[in-house]
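In: let's see this in three dimensions:
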Amino acid sequence: MIDLQECRKEIDVIDKEILRLFEKRMKVCEDVAEYKIHTGKQVLDPKREQDKLDVLKNQAHGSFNSLGAQELFQQIMAISRKRQYQLLTKNGVGTERNYEMVDELPLKDVNVVFQGVEGAYSYAAMRAYFPEEINSYHVKTFRAAMEEVAFGKADYAVLPIENSTEGIVTDIYDLLTEYQLYIVGEQGVRVQHVLLGLPGVTVDEIDTVYSHPQALAQCKHYLEEHPSWKTVKAENTAASAKRIKEEQKRNQAAIASRAAGELYGLSILAENICHNDQNVTRFIIVSSKPIYEKNAGKISVCFELPHASGTLYHMLSHFIYNSLSMTKIESRPIPGQNWKYRFFVDFEGNLEDPAVKNALRGLEAEAIGVRVLGNYGQQEEI
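Out: Predicted coordinates for the structure are as follows:
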């Protein structure tokens, strides 16, 4: 019979030898990094690594060990690259970025654009984030808001990017890749929808409800209690309230904020109609200038991947290996490229942090089309 304890002792001896050889290999890896520091040679040489993996894979005995050897040495090579990235960063090689660190963002006497109309949640986010001394105006679409900043008509745009109930605003993610703009801040707004109608109207008179598609979805449980009602999608919640005011039809109602109701002189027909009482929308503040505050603690990046097995894992490992906490990952289809995706990652950190520099260096060397979308701080929810 096989002696389990003897097997374990033998494994311990083998593991100790593997560890010794691993550390010996890493020492040689550091010498390679020294060479690359002086010559400017790239850390990653995909063809050489693949050739090496093919050789090692073929030298292993049996199909299981062959695949295992490939996975093992892929990891060893990835770890070796990460060590080289660290040494290059430590020696200040290629760490310059076009971002400028500032003590505080210039927020007074600026032009700020938001999508929607006064009374919208985006308007509330703007009022919470910016001081009173601003010039603000609204546009109809997210794209129009982006263009106002891109063309220099506005200094900042306030745009919704995510809701805790309904998820991401996909249009914003797509527009961030289309325009060379930067996230410089964010603001959370607690969404508390109410049903608004003309003064004196009762719920029994309503047969049509207007609102933004996300607001309709956030209140679907309440709307399901009134199956005869027709729901109509609108540009935003506040515009829906404005429509009720302008058209003066007693059978129409809007799902919007309490503030929108007060602004347009409407009555609250029902409160607490959102099925998630912790419903929060996150808004981003977008600028044409690549700036960030010195105490910024959150970074957003996007990138594409080579079409190969395990590439997403290897990209995310740059955050994990540098002890950076990822707070979000999303994917969006790349227009014109069927079944290919662009990934968006939020993680904690500042562009001045060595760990962040290491992670971004690795990501930029191994991913495709890497963009730092912004380094910013989060404001308290209102």
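
In: strands of the stretch 1-150 of the chain, start to end?
Out: Counting by DSSP state E, counting those that start in this stretch, the stretch 1-150 of the chain has these strands, from start to end: 100-102, 111-115, 135-139.

In: how near is residue 83 to residue 25?
Out: For residue 83, the distance to residue 25 equals 10 Å [Cβ to Cβ, to the nearest Å]. Bear in mind the C-beta positions are built from the backbone N, C-alpha and C, glycine included.

In: neighbour count: the two, which is higher?
Out: Taking neighbours as other Cβ atoms under 10 Å, residue 83 and residue 25 compare with residue 83 leading, 18 against 13.

In: of the strands of the stretch 1-150 of the chain, which is nearest residue 217?
Out: The stretch from the strands of the stretch 1-150 of the chain with the least distance to residue 217 (Cβ to Cβ) is strand 111-115; that distance is 18.2 Å.

In: other SSEs contacting that closest one?
Out: Applying 3 or more Cβ pairs under 8 Å, 6 or more residues apart in numbering; DSSP states H and E, one finds that strand 111-115 contacts helix 121-129, strand 135-139, helix 142-150, strand 156-163.

In: and those, which is most packed in?
Out: Greatest average neighbour count among the helices and strands packed on strand 111-115 goes to strand 156-163 (a mean of 26), per mean count of other Cβ atoms under 10 Å.

In: name whatever forms a beta bridge with residue 232.
Out: Beta bridges link residue 232 to residue 210, judged by DSSP bridges.

In: wait, is residue 242 part of a helix?
Out: Yes: membership of residue 242 in a helix is supported by DSSP: H, G, I helix; E, B strand; the rest coil.

In: start at 11, not 1
Out: Got it, first residue is 11 now, which makes that one residue 252.

In: list of residues touching stretch 337-357?
Out: For stretch 337-357, contacts defined as Cβ atoms under 8 Å, 6 or more residues apart in numbering pick out 172, 178, 180, 183-184, 187, 308-315, 317, 322, 325-326, 329, 334-336, 358, 369, 379, 383.

In: give me the buried subset of those.
Out: Buried by 16 or more other Cβ atoms under 10 Å: 172, 178, 183-184, 187, 308-315, 322, 325-326, 329, 334, 369, 383, out of the contacts of stretch 337-357.

In: what about those residues, which are in strands?
Out: Using DSSP state E, the subset of the buried ones among the contacts of stretch 337-357 located in strands is 172, 178, 308-314, 383.

In: those into a markdown table, with extra columns for distance to residue 147?
Out: Output for those, formatted as a markdown table (distance: Cβ to Cβ, whole Å):
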| residue | distance to residue 147 |
| --- | --- |
| 172 | 24 |
| 178 | 26 |
| 308 | 28 |
| 309 | 30 |
| 310 | 26 |
| 311 | 31 |
| 312 | 29 |
| 313 | 34 |
| 314 | 35 |
| 383 | 24 |
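
In: can I get those residues in TSV including pLDDT and distance to residue 201?
Out: Below are these laid out as TSV (pLDDT from 0 to 100; distance: Cβ to Cβ, whole Å):
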residue	pLDDT	distance to residue 201
172	93	12
178	88	15
308	97	21
309	97	26
310	97	22
311	97	27
312	96	26
313	95	31
314	93	33
383	97	24
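
In: out of the residues you listed, who's nearest residue 285?
Out: For those, the nearest to residue 285 is residue 172 (17.7 Å; Cβ to Cβ).

In: mind listing the residues bridging to the closest one?
Out: residue 178, residue 292.

In: hmm, residue 123 is touching residue 147, no?
Out: Yes: using Cβ atoms under 8 Å, residue 123 is in contact with residue 147, at 5.9 Å.
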